[in-house]
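J.: Structure for the following, please:
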Amino acid sequence: MNGIHLTAKEQQLLEQTLHTTHDARLYRRTLALLECSRGRQVKDVAKALSVTRQSLHNWAVRFQRQHTALALTDGPRPGRPRHADDRVETLLQALLAITPDRCG
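T.: You can find the predicted model right below:
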């Protein structure tokens, strides 16, 4: 894969995603595709972002199949189930809203 060819609409979508996302993985994947579409070599972009060329290729294929930034997001990952319920979540949100100077 020498480069990634994006339409103007796809580039605009990825640029918007780049500026609005708070997800670090989505940001990195979006940036990778945009850099490749701008003419940078895939191997150079992969090296700069510490990913494999295969990962970059996989992201490009997923994006080009679905034409949406959601194609670049992570799917659900298996893992340890949560032990906290909604009460704990509510308490955590309340504690995070308290400023440090209020706690001394």
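J.: buried residues in the least confident helix or strand in the chain by mean pLDDT?
T.: Counting by mean pLDDT, DSSP states H and E, the chain has its least confident helix or strand at helix 100-103, which shows a mean of 84. By neighbour count on 16 or more other CB atoms under 10 Å, the buried set for helix 100-103 is empty. The C-beta positions use only the backbone N, C-alpha and C, and glycine is treated the same way.
J.: Any idea how far that helix is from the middle of the chain?
T.: Chain-centre distance of helix 100-103: 33 Å, with CA atoms, centre = their mean, to the nearest Å.
J.: and E35, how far is that from R28?
T.: 11 Å (CB to CB, to the nearest Å).
J.: cool, E10 as well?
T.: In terms of CB to CB, E10 sits 18 Å off from R28.
J.: Same question for A97.
T.: Counting by CB to CB, the gap from A97 to R28 is 30 Å.
J.: Looking at these two, which one has more neighbours?
T.: R28 (16 against 8; other CB atoms under 10 Å).
J.: show me the contacts for the more buried one.
T.: By CB atoms under 8 Å, 6 or more residues apart in numbering, the residues touching R28 are 49, 51.
J.: Give the buried residues for the host helix or strand of Q12.
T.: Following DSSP states H and E, the helix or strand that holds Q12 is helix 8-20. Under the neighbour-count criterion of 16+ other CB under 10 Å, helix 8-20 has 10, 13-14, 17-18 buried.
J.: can I get the CA coordinates of that helix in CSV?
T.: The C-alpha coordinates for helix 8-20 follow below in CSV (Å, rounded to 0.1, in the frame of the first residue of the first chain):
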residue,chain,number,x,y,z
ALA,A,8,-12.7,15.4,-0.3
LYS,A,9,-15.7,14.4,1.8
GLU,A,10,-13.8,11.6,3.5
GLN,A,11,-10.9,14.0,4.3
GLN,A,12,-13.4,16.5,5.7
LEU,A,13,-15.0,13.9,7.9
LEU,A,14,-11.6,12.7,9.2
GLU,A,15,-10.5,16.3,9.9
GLN,A,16,-13.7,17.0,11.8
THR,A,17,-13.1,13.8,13.8
LEU,A,18,-9.6,14.8,14.5
HIS,A,19,-10.7,18.1,16.0
THR,A,20,-13.6,16.7,18.1
